[in-house]
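Trainee: would you be able to build a 3D model of this:
(chains A and B)
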Amino acid sequence: MPRPFLASAIAIAALTLSPVTHAQAPAGAQGRQGRGGQAGGGGQAGGRRGGAPAVPAPNGQNENIHVDGWNKKQESLEATGKKPGPAPVHDLSGIWEPVPRYRDGVFASGPRDMPSDPAHEAQMPYTPMGKQAMQSHKSGFGVNIAPIAEINDPFDNCDPIGFPRIILFNLRAVQIVQTPKQILMLYQNTRTFRTIWTDGREIPKEITEPRWFGYSVGKWTDPTTLVVTTTGLDESTWIDNTGRPHSDQLVVEETYHRVDELNIELTVKITDPVMYTQPWYPLKNFRLGMNAPDFDIREMICAVSQQALFNQLLKSTTDPTPEKK
Amino acid sequence: MKRLFQASLLLSVLVAGATPLLAHHGNASYENKEVTIKGKVTQWLWTNPHSFLMVDVTDENGKVTHWICENNAPSTLVNFGFTAKTFKAGDEVTVVMSAVAKNGTPAGRITRVILADGYIMNSEIR
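Mentor: Below you'll find the predicted structure:
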């Protein structure tokens, strides 16, 4: 690796990340949760959920224990043994996260019900323009995976992730807050929010200003089902992490069905006659489980300086003339 | 103790690791190949979208190689016991990587880090 590069990388890191990287306090109990006081922390079995490398660890190893932003152990309420009561009427409020596993909404290679693999990609109802737009989107994932130097993902520069990508990539914790006229969705990913109007208004007839998160209205179609319609979306965003395109004609319909007190099923329908010959569904009945009301949603922010460092470090792996080892 | 550590280290080199989940960059520039290095931490970058452990490895001739070891997103790693203070400059670590740069740059994707006392920090636990 060229030395000037390393020097500059370190310089950038030192300049931009000093509060983090120069925190030299010794790794204490918080540094290695699972070690010491925690039951099973010294052995392999402990609370592990399987799948980790089967490596002998005579001196112990870390475990998979879901924690919130205050490093407190947390599970969905149902996983703690709570029995769900009936779904309340017209109420989605609470702190929700994908279940059964809290990382089930990462969707790096496309959303669960339409991932970008050859079989699903063949089902995508692209128009000729949609196909062309998809091919022009160079993603790090999916069937069109591109070399790092060619990736043109707008989120790699920390552009706002936009809607619907906010729910189709890294769907992590989300807090839903209801007021008499609005439903607010507060997302862990990029620490941003959406406003869904439930005051009876219709979606705008004419969009004079496209927005990263569009214009959303919600209507209760039965006591436990909210249908949200969103339009007016900025064309520069991608629908998902693999670069599925959209035009300014995109209409996204989200259906939130509260199946019981502790679970919501989310279905997402994509309609865009410019890019797709018919609607398609990135998510069908994707389950979100309710967390405890003291669950602190941790930060997950795309910081421009961190992203620049990340891009620069990864770019070194494509440098054609690395330093000889 | 030292022997146990060495045995576990050897095994860890032989057993392939799990596949880490990635953020919005793919792995086109990496090739799957398990590589184990032992060295001193120079920096632990607790950053989005991914974290990095920078490690200096000194060979028998005293030549130092600066390794860039990519780890998972902080939002994932916190669930495996990692924090912004898990590593500090000067820490002796053994880093097992499951993929390394195709172009020969000393860079790779971390499967697990073995601390000086033998404690293993896995980067991916399902």
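
Trainee: tell me which stretches of the chain form helices.
Mentor: Let's take chain A. Along chain A, counting by DSSP state H, helices occupy A:3-16, A:18-21, A:118-121, A:128-136, A:165-168, A:304-315.

Trainee: let me rephrase: I mean chain B.
Mentor: With DSSP H, the ranges of helices along chain B come out as B:2-14, B:74-77.

Trainee: mean pLDDT lowest for which of those helices?
Mentor: Comparing mean pLDDT across the helices of chain B, the lowest value falls on helix B:2-14: a mean of 42.

Trainee: count the neighbours of residue A:85 for me.
Mentor: Number of residues near residue A:85 (other Cβ atoms under 10 Å in any protein chain shown) recorded here: 9. For the C-beta atoms, the positions are set from N, CA and C on the backbone; glycine is no exception.

Trainee: in this structure it contacts residue A:263, no?
Mentor: No: with contact defined as Cβ atoms under 8 Å, residue A:85 and residue A:263 do not form a contacting pair (11.2 Å).

Trainee: so for residue B:93, what pLDDT did the model give?
Mentor: Note on residue B:93: pLDDT of 98.

Trainee: partner residues bridging it?
Mentor: Each beta-bridge partner of residue B:93 is listed here, defined by DSSP bridges: residue B:39, residue B:115.

Trainee: ok, it touching residue B:55?
Mentor: Yes: look at residue B:93 against residue B:55 with Cβ under 8 Å: they come within range, at 6.4 Å.

Trainee: shared neighbours, these two?
Mentor: Shared contacts of residue B:93 and residue B:55 (Cβ atoms under 8 Å, 6 or more residues apart in numbering or on different chains): B:39, B:40, B:41.

Trainee: need these in CSV (columns: distance to residue A:102, neighbour count and pLDDT).
Mentor: Rendered in CSV, the data for the shared contacts of residue B:93 and residue B:55 read as follows (distance: Cβ to Cβ, whole Å; neighbours: other Cβ atoms under 10 Å in any protein chain shown; pLDDT from 0 to 100):
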residue, distance to residue A:102, neighbour count, pLDDT
B:39, 33, 21, 98
B:40, 34, 15, 98
B:41, 29, 20, 98
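
Trainee: can you lay out those as TSV showing distance to residue A:244?
Mentor: Formatted as TSV, the entries for the shared contacts of residue B:93 and residue B:55 read as follows, by distance: Cβ to Cβ, whole Å:
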residue	distance to residue A:244
B:39	42
B:40	44
B:41	40
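
Trainee: quick check, nearest of the residues you listed to chain A?
Mentor: Taking Cβ to the nearest Cβ as the measure, residue B:41 is the one of the shared contacts of residue B:93 and residue B:55 closest to chain A, at 10.7 Å.

Trainee: for the stretch 201-325 of chain A, which residues are neighbours of chain B?
Mentor: Along the stretch 201-325 of chain A, the residues adjacent to chain B under the rule Cβ under 8 Å from any Cβ of the partner chain are A:241, A:298, A:300-303, A:306-307, A:309-310, A:313-314, A:316-320, A:322-325.

Trainee: swap in 6 Å and give it another go.
Mentor: A:241, A:300, A:306, A:313, A:314, A:316, A:317, A:318, A:322 (Cβ under 6 Å from any Cβ of the partner chain).
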